[in-house]
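Participant: Provided below are the primary sequence and the corresponding predicted coordinates.
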Amino acid sequence: MRFFFLFIIFPFFSPAQNISVQINKAETEADQLNKKRDSLLLKIEDLKFQKLHEDLEKTGLPKLNPGEEVVYHLAYALVYAEPYEQAKWVAHIILPDVVRGNEGRSNDFRPDAKIKTGSATEADYFLRIYQPDSTFKYDAFGYDRGHLAPSADFRYSKKALSESYLYSNMSPQVAQLNRGRWAELEDAIRQYVVRNNTQLYVVAGGVLKPGLKKIERGINKVSIPEQYFKVVLDLTNQRAIGFLMPNKECEYPVLAYACTIDSVETVTGIDFFTSLPDELENKLEASFDSNKWVGERELGDALPLKADSLPRNTFNTVQARYYMGKNENIKVCGTVVSTKLSSKGNIFINLDKKFPNQIFSISIFKDNVANFSYQPEKYLAGKTICVTGKIANFNGVPSVSITDEKSIEILHEEE
């Protein structure tokens with residue numbers, strides 16, 4: 001018997017070679033998908049910028065005066081005031097995207113090429129002097145380059161964040177304001193966006209007027225505003241609020257500088273949100289509700305009493321810190337916003353701001369509780385009171401320890 005064998009020759013691949021081919025193919029497909037994804041993300045970003053411009057033009061821009069021209073950047077718009085070498089106002093929108101943004105500070109400060117007359121520049125704020133050892137010596141003129149539209153509001157976009165460092169978006173602020181209450185205000189507004197998942201219309205600037213001092217050492221002689229403003233509109237929930245802060249260290253909590261937008265318009269001469277229906281504009285700009293703009297942690301806090309409303313030799317909770325450790329009896333007044341009876345029987349009372357953000361505290365230790373005809377932690381809650389005693393420094397917070405109810409004067413009950 002004969003056997004015939006048919007030999008068919010196939011290309012020979014080892015299992016390892018076959019897997020390598022599959023890996024290369026998959027990597028190529030993944031690379032193509034990544035490129036497509038990046039392209040789509042850029043397209044989405046561009047579309048969002050277009051939407052921002054539409055919304056700003058429709059709702060967010062103040063009324064223009066004759067001769068004023070709006071300068072648009074990716075995520076904000078401004079009108080430049082050449083005589084003052086800074087923006088008259090900067091308008092932008094804070095998007096809910098800020099929650100997911102992770103871009104960090106770029107610090108790429110630079111002049112704004114879109115300002116036809118030329119914007120301010122680095123040499124308006126400080127000199128950078130080259131040293132023989134190839135380092136730089138900095139000669140500052142005493143003011144921070146304060147953002148009007150804060151960079152952190154654009155952390156969802158590297159390009160938009162970078163544009164926030166244009167000098168047309170800067171104004172000379174003292175460091176205590178820029179790094180203090182102004183920064184706290186910016187953060188509080190972002191937190192509102194996070195809590196409410198809505199976009200906010202924001203307009204900010206220095207209060208510009210004739211006669212302002214200038215940074216004389218700078219090449220463009222930038223004017224130094226005495227006050228800064230910020231107005232905020234939540235169109236979705238129909239809420240609005242304004243803020244006016246002096247260009248100095250602000251001792252009071254942020255909400256102490258809150259006001260109506262009408263008040264800001266009176267000070268600045270700028271007409272905000274004119275595209276709204278007249279009835280709605282008038283309603284929103286004439287009043288505000290502070291509690292709508294604060295987080296849960298701040299709910300129930302009270303504004304410190306106005307210093308000029310208090311009797312002579314009587315102080316509010318902000319002024320109390322100047323008397324820490326001076327070993328003299330003074331009278332401090334404020335609203336009881338939180339109390340606590342500790343497990344050891346001690347009573348702690350906070351005026352105007354609750355723990356852990358307290359700005360003035362009263363302590364009644366267990367051995368002295370019997371000297372009160374009432375339960376202080378319950379009876380005093382919500383009342384506006386004055387307390388007399390020596391002010392101690394307790395971890396940076398002014399505090400007074402009292403032994404009996406004679407140290408307490410009740411001004412009025414909670415309404």
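Facilitator: Alright, I've got the coordinates.
Participant: CA only for contacts and neighbour counts going forward, please
Facilitator: Noted.
Participant: Show the contacting residues for D97.
Facilitator: Y156 (Cα atoms under 8 Å, 6 or more residues apart in numbering).
Participant: just I330 next, same as before
Facilitator: 313-315, 388-391.
Participant: quick one: which helix or strand includes it?
Facilitator: In the assignment (DSSP states H and E), I330 maps to strand 329-341.
Participant: Pull the residues that contact the helix or strand following that strand.
Facilitator: Downstream of strand 329-341, the first helix or strand assigned by DSSP H and E is strand 347-351. With contact meaning Cα under 8 Å, 6+ apart, strand 347-351 is reached by 317, 334-342, 358-366, 376-377.
Participant: so where does the nearest residue to E69 once chain neighbours are set aside fall, helix or strand?
Facilitator: Spatial nearest neighbour of E69, excluding adjacent residues (Cα to Cα, 6 or more residues apart in numbering): V79 at 6.0 Å. Assessed by DSSP H and E, V79 sits inside strand 76-81.
Participant: Give the next helix or strand downstream of that strand.
Facilitator: strand 86-94.
Participant: Direction included, what does that following strand pair against?
Facilitator: Here strand 86-94 is paired, per DSSP bridges, with strand 76-81 (antiparallel), strand 200-206 (antiparallel).
Participant: May I have it as CSV, with CA atoms only?
Facilitator: What follows is strand 86-94, C-alpha atoms only, in CSV (Å, rounded to 0.1, in the frame of the first residue of the first chain):
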residue,chain,number,x,y,z
GLN,A,86,-6.2,98.8,34.5
ALA,A,87,-9.6,97.4,33.7
LYS,A,88,-12.7,99.5,34.6
TRP,A,89,-14.3,96.1,35.1
VAL,A,90,-13.7,92.4,34.3
ALA,A,91,-16.7,90.2,33.7
HIS,A,92,-16.6,86.4,33.7
ILE,A,93,-18.7,83.3,34.4
ILE,A,94,-17.8,80.7,36.9
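Participant: and the closest residue to K158 other than its chain neighbours, what helix or strand is that in?
Facilitator: Leaving aside its sequence neighbours, K158 sits nearest to E103 (Cα to Cα, 6+ apart; 6.1 Å). Per DSSP H and E: E103 is located in neither a helix nor a strand.
Participant: is it true that E103 touches R155?
Facilitator: Yes: between E103 and R155 a contact is recorded at 4.7 Å, counting by Cα atoms under 8 Å.
Participant: residues in contact with K248?
Facilitator: 173-177.
Participant: In the strand holding V79, which residues are buried?
Facilitator: 76-81 (16 or more other Cα atoms under 10 Å).
Participant: Among these, which one lies nearest to D404?
Facilitator: Of all these, D404 sits closest to Y76, with 57.7 Å by Cα to Cα.
Participant: pLDDT value on that closest one, please?
Facilitator: For Y76, the model assigns a pLDDT of 97.
Participant: Select the longest helix from the protein.
Facilitator: Assignment by DSSP state H gives helix 15-55 as the longest helix of the chain.
Participant: C-terminal to it, which secondary structure element comes first?
Facilitator: Criterion used, DSSP H and E; the element after helix 15-55 is strand 70-72.
Participant: Give the other helices and strands that that following strand contacts.
Facilitator: Where contact means 3 or more Cα pairs under 8 Å, 6 or more residues apart in numbering; DSSP states H and E, strand 70-72 is packed against strand 76-81.
Participant: tell me the contacts of N393?
Facilitator: 324-325, 399.
Participant: er, Y76 actually
Facilitator: 53, 90-93, 149.
Participant: One more: K214?
Facilitator: K214 neighbours (Cα under 8 Å, 6+ apart): 221-224.
Participant: most surrounded residue in those residues?
Facilitator: In terms of neighbours by other Cα atoms under 10 Å, those top out with V222 at 25 neighbours.
Participant: what about D404, distance to V79?
Facilitator: 60 Å (Cα to Cα, to the nearest Å).
Participant: surely N197 meets V98?
Facilitator: No: here N197 does not reach V98: they are 10.0 Å apart, not a contact under Cα under 8 Å.
Participant: The two: which has the busier surroundings?
Facilitator: The residue with more neighbours, out of N197 and V98, is V98; 21 against 14, by other Cα under 10 Å.
Participant: And what about the more buried one, helix, strand or coil?
Facilitator: helix (DSSP: H, G, I helix; E, B strand; the rest coil).
Participant: Now it: closest residue in space, sequence neighbours ignored.
Facilitator: Y156 (5.5 Å).
Participant: Repeat that for E45.
Facilitator: Closest to E45 by Cα to Cα, 6+ apart is S157, at 7.9 Å.
Participant: any chance you could map the helices in the protein?
Facilitator: Counting by DSSP H, the helices of the chain are 15-55, 158-163, 175-176, 182-196, 261-268, 278-286, 376-379.
Participant: can I have the second one written out in CSV, keeping just the CAs?
Facilitator: As requested, C-alpha coordinates have been extracted for helix 158-163 and formatted as CSV (Å, rounded to 0.1, in the frame of the first residue of the first chain):
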residue,chain,number,x,y,z
LYS,A,158,-5.1,75.5,30.9
LYS,A,159,-5.6,78.2,28.2
ALA,A,160,-8.2,80.2,30.1
LEU,A,161,-6.3,80.0,33.3
SER,A,162,-3.2,81.3,31.5
GLU,A,163,-5.1,84.3,30.1
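Participant: Which residues does that helix contact?
Facilitator: By Cα under 8 Å, 6+ apart, helix 158-163 touches 73-75, 103, 105-108, 151-155.
Participant: Kindly recompute the last result at 6 Å.
Facilitator: 74-75, 151, 154-155 (Cα atoms under 6 Å, 6 or more residues apart in numbering).
Participant: Likewise for the shortest one?
Facilitator: Applying Cα under 6 Å, 6+ apart, the set of residues contacting helix 175-176 from outside is 144, 249.
Participant: pLDDT value on S14, please?
Facilitator: The model's pLDDT for S14 equals 60.
Participant: Then T339?
Facilitator: 96.
Participant: Name the residues linked to the residue nearest to it when sequence neighbours are not counted by a beta bridge.
Facilitator: Nearest non-adjacent residue to T339, counting by Cα to Cα, 6+ apart: I349, 4.4 Å away. I349 forms beta bridges with T339, I362, as assigned by DSSP bridges.
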